[in-house]
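K.L.:
Fold the following for me, if possible:
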Amino acid sequence: MDKIVIYGGKKLNGEVKISGAKNSALPILFATLLTDDKCKIKNVPILADIKTTVDFLNFIGKKTVRKGNIVNCDKSSKLNHIAPYDLVRKMRASVLVMGPLLARLGKVDVSLPGGCSIGARPIDIHLDAFKKMGATIELKEGYIKIFSKGRLTGTDIEFRFASVGATENVLLASVLAKGTTRIINAAKEPEIQDLADVLVKMGAKISGAGTRIITIEGVDKLHGFEHDVIPDRIEAATYMIAALMTKGEIKLTKVNPKHLELVIEKLIEAGADIKIKDDTLTVKWKKEIKPINIKTEVYPGFPTDIQAQWMALMALAKGNSIIEETVFENRFLHVCELQRLGANLKIEGRQVSIHGVKELSGAPVMVSDLRAGAALVLAGLCAKGKTEISRIYHLDRGYEALEKKFRKLGANIKRIK
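P.N.:
Next up, the predicted model:
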């Protein structure tokens, strides 16, 4: 099993190009199931989850080929309505196969999902929405079996919380439904807007994406598209935090600053000097890191996917800070690993109190989930001595060429096979 080894203490300086957003590319790839026409998706990050999705689409019957950062999808053979456990267990986003297959075939059998251990993340909100649209749902032999007699029917669907995955699944299902669907309390993330933009390119009628209420008027057929995936705001935030933690200066290119407004605001409060020009961000360490409290919330609040990295940053702040996690109930698995590196952290329910220390020290640590892994890399980059990080396959799910990009910035980091 691969490991990452870091000898910390190097100031990071230079330029890094931000990759396409994994959380945007995945639902867009599943959207190709809605048509038999050719689809071309550009700026797709080279990640384990993307490979899994391409394999998944080919299994379902969609001829899909990835060449570098471009994915081409050609005419489907007969689509398979079964999503087996061996594929679904590798990636939680596999549940996004439900919406398009239900829309195209009127049926889908999907194994219960896998993914990171960061909370229950139930899919009942997805299933309740499909029921309201006229689908019948059964649970048999570890599979969720969803089917409808004829086309789904548009209706008002109000979520009890603004679920990103459920918003995406209902979008994918409703574009071919009869009548009008309204998603109330929809997720507002930029990745939702990107998916909606693709569906509109395919011929869908959608308004309100990026707001609390999304309205979809069903159409009879969709066609192919060509699209550039938006930049990955979580990857961008990770490199921004790295600049501050290592007392360096990093220029980020191919980034959308509008998607990072709150993160930028908090980093400036913490002491960063940030300059913005078009799709470029330059982040420079200016003075000692100030302790800044954060509370994770759905977009446009502070992203839960940056909580772990922010904790690594606050571990080096001069003073005390508090992080409150409101999105997932089990997203503090990185705390004990950061403690191994010398961070002074204490879990109190859904909060972590942090007392900043002067420096961190290298140690062997283990990744529990994708963003926890990013936090450990950031901590290792500024820790004194050697940090050895195991179970890095989590990182390969969400960060393209992570060690190569950090090496280009001056880090002493390598992957050991």
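K.L.:
residues making contact with stretch 127-145?
P.N.:
Stretch 127-145 is contacted by residues 82, 85, 98, 102, 107-112, 123, 146-149, 152-157, 159, 166, 169-170, 173-174, 177, 181 when judged by CB atoms under 8 Å, 6 or more residues apart in numbering. Placement of C-beta: from N, CA and C, glycine included.
K.L.:
And for residue 11, the neighbour number?
P.N.:
By the criterion of other CB atoms under 10 Å, residue 11 has 15 neighbours.
K.L.:
Touching, residue 392 and residue 415? I think so.
P.N.:
Yes. Taking contacts as CB atoms under 8 Å, residue 392 lies within contact range of residue 415: 7.5 Å.
K.L.:
ok, these two, which is more surrounded?
P.N.:
Legend: neighbour count by other CB under 10 Å for residue 392 and residue 415, higher for residue 392 (22 against 15).
K.L.:
Could you check how far the more buried one is from residue 369?
P.N.:
Plainly put, residue 392 is 12 Å away from residue 369 if you go by CB to CB, to the nearest Å.
K.L.:
for residue 349, same thing?
P.N.:
Per CB to CB, residue 349 is found 20 Å from residue 369.
K.L.:
Between those two, which has more neighbouring residues?
P.N.:
residue 369 (24 against 8).
K.L.:
Now the more buried one: phi and psi?
P.N.:
phi -160, psi 170 (degrees, to the nearest 10).
K.L.:
Wait, it touches residue 330, no?
P.N.:
No. Under the criterion of CB under 8 Å, residue 369 lies out of contact with residue 330, with a separation of 9.5 Å.
K.L.:
Weed out the non-buried ones from the contacts of stretch 127-145.
P.N.:
82, 98, 102, 108-111, 123, 146-148, 152-154, 157, 159, 166, 169-170, 173-174, 177, 181 (16 or more other CB atoms under 10 Å).
K.L.:
Residue 347 contacts residue 333, doesn't it?
P.N.:
No. Shown here, residue 347 and residue 333 do not form a contact pair, counting by CB under 8 Å, at 10.4 Å.
K.L.:
domain assignment for the protein?
P.N.:
3-18+231-416, 22-228 (automatic domain parsing).
K.L.:
Can I get the ones you listed in TSV including mean pLDDT?
P.N.:
Formatted as TSV, the domains of the chain follow (pLDDT from 0 to 100):
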stretch	mean pLDDT
domain 3-18+231-416	97
domain 22-228	92
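K.L.:
show me what contacts residue 194?
P.N.:
Residue 194 neighbours (CB under 8 Å, 6+ apart): 21, 24, 28, 229, 230.
K.L.:
Next up, phi/psi of it, please.
P.N.:
Torsion angles, degrees, to the nearest 10, at residue 194: phi -70, psi -40.
K.L.:
Just the ones of the contacts of stretch 127-145 in helices?
P.N.:
Counted as lying in helices by DSSP state H, out of the contacts of stretch 127-145, are 85, 98, 102, 166, 169, 170, 173, 174.
K.L.:
residues in contact with the last one?
P.N.:
To tie it back to what came earlier, the one meant is residue 174. Counted by CB under 8 Å, 6+ apart, residue 174 has contacts 99, 103, 133, 152, 154, 181, 183, 216, 218.
K.L.:
Of these, which pair is most distant in space?
P.N.:
Across the contacts of residue 174, the longest distance by CB to CB is 14.8 Å; it joins 103 and 183.
K.L.:
Specify which residue of residue 347 and residue 333 has the higher count of neighbours.
P.N.:
Set side by side, residue 347 and residue 333 show unequal neighbour counts under other CB under 10 Å, the larger going to residue 333 at 16 against 12.
K.L.:
Give me the nearest residue to the more buried one, chain neighbours excluded.
P.N.:
Nearest residue to residue 333 in three dimensions, chain neighbours excluded: residue 368, at 3.8 Å (CB to CB, 6 or more residues apart in numbering).
K.L.:
tell me the secondary structure for the one you found?
P.N.:
coil (DSSP: H, G, I helix; E, B strand; the rest coil).
K.L.:
What backbone torsions are found at it?
P.N.:
According to degrees, to the nearest 10, residue 368 has phi -100, psi -30.
K.L.:
Give me the neighbour count for it.
P.N.:
Neighbour number of residue 368 under other CB under 10 Å is 23.
K.L.:
I figured it hits residue 331, correct?
P.N.:
No. Under the criterion of CB under 8 Å, residue 368 makes no contact with residue 331, lying 9.5 Å away.
K.L.:
ok, residue 255 to residue 243 distance?
P.N.:
Using CB to CB, we find residue 255 at a distance of 13 Å from residue 243.
K.L.:
residues shared between the contacts of these two?
P.N.:
With the criterion set as CB under 8 Å, 6+ apart, the contacts of residue 255 and residue 243 do not overlap.
K.L.:
following the strand or helix carrying residue 41, which helix or strand comes up?
P.N.:
Per DSSP states H and E: residue 41 is located in strand 39-42. Where DSSP H and E defines the elements, the next helix or strand beyond strand 39-42 is helix 48-60.
K.L.:
Does anything pack onto that next one? Which helices or strands?
P.N.:
helix 22-31, strand 62-67, strand 70-76, helix 85-88 (3 or more CB pairs under 8 Å, 6 or more residues apart in numbering; DSSP states H and E).
K.L.:
which parts of that helix are buried?
P.N.:
For helix 48-60, by 16+ other CB under 10 Å, it's 48, 49, 50, 52, 53, 54, 56, 57, 60.
K.L.:
and of these, the nearest to residue 42?
P.N.:
Scanning the buried residues of helix 48-60 for proximity to residue 42, where the rule is CB to CB, the winner is residue 50, at 12.8 Å.
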